[in-house]
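[1] need a structure here:
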Amino acid sequence: MNLPVYQVKNTIFTALSLFIVDAFVMNQGAIAVITGVVIVLWLLPKSLVLKYKRESARVPLTKAAIYSIMVLLVFLANVANNKLAKYRAENLIVAIEKYHQETGHYPEKLNNLVPEYISNIPLAKYTLFFNKFRYINHKDTQALYYVELPPFGRPTYSFNRQSWGYID
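    Okay, here's the model as predicted:
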């Protein structure tokens with residue numbers, strides 16, 4: 001039994017849409033986890049039942065393969081985005097510390113670093129939401145953070161302790 005082309009196209013389109021939403025809008029992996037559960041609890045058992053009935057299991061297995069690739073790509077995109085955010089944060093930390101060494105105080109806001117210490121304030125990562133660095137300079141507290149796993153999960157660099165911590 002040949003697999004209908006429209007089913008493959010529809011599955012690829014759906015998987016691509018879910019990938020974009022999960023990796024670059026929500027940036028959580030929640031859709032990927034749910035999809036993985038559907039693969040394990042529905043598509044794979046369905047293919048086993050069809051095989052047992054001596055029918056073709058190509059449709060559910062093809063869908064499972066396509067969605068499995070989507071799940072993997074979501075997690076790879078999220079890991080890559082978070083590594084990028086950490087790298088960019090380290091560059092900002094160097095610029096902030098240089099500002100502090102030269103002026104004797106921390107900048108009031110990140111834009112005070114431009115253009116003398118850094119050419120621009122980069123996005124933390126390539127997502128629609130939660131893509132900016134946040135900087136706190138309040139009395140004796142100076143910190144830089146970004147959102148790793150929305151809406152919580154914020155790696156935070158404390159300039160007072162000169163170390164990373166985690167909020168949430």
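
[2] so where do the strands sit in the chain?
    In the chain, the strands defined using DSSP state E lie at 134-138, 141-145, 154-158, 163-167.

[3] let's have those in TSV, adding mean neighbour count.
    Any C-beta I mention is one placed from the backbone N, CA and C, and that applies to glycine too. Formatted as TSV, the entries for these read as follows, by neighbours: other C-beta atoms under 10 Å:
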stretch	mean neighbour count
strand 134-138	15
strand 141-145	18
strand 154-158	18
strand 163-167	12
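
[4] what's the closest of those strands to Lys98?
    When those are compared for distance to Lys98 using C-beta to C-beta, the nearest one is strand 141-145, at 13.8 Å.

[5] got the domain ranges for this protein?
    The record, using automatic domain parsing to delimit domains, assigns the chain the ranges 5-80, 81-167.

[6] comparing the ones you listed by mean pLDDT, which bottoms out?
    Considering the domains of the chain one by one, the lowest average pLDDT is found for domain 5-80, at a mean of 92.

[7] ok so, going back, between the strands of the chain, which one is closest to Leu113.
    Comparing the strands of the chain by C-beta to C-beta, strand 134-138 comes nearest, at 9.5 Å.

[8] out of the strands of the chain, nearest to Asn111?
    Ranking the strands of the chain by their distance to Asn111 (criterion: C-beta to C-beta) puts strand 134-138 first, at 9.5 Å.

[9] now for the closest one, which elements pack on it?
    For strand 134-138, the helices and strands in contact under the criterion 3 or more C-beta pairs under 8 Å, 6 or more residues apart in numbering; DSSP states H and E are strand 141-145.

[10] which outside residues touch the strand it packs on?
    Contacts of strand 141-145 from elsewhere in the structure, counted by C-beta atoms under 8 Å, 6 or more residues apart in numbering, are 89, 92-93, 96, 106, 133-136, 154-160, 167.
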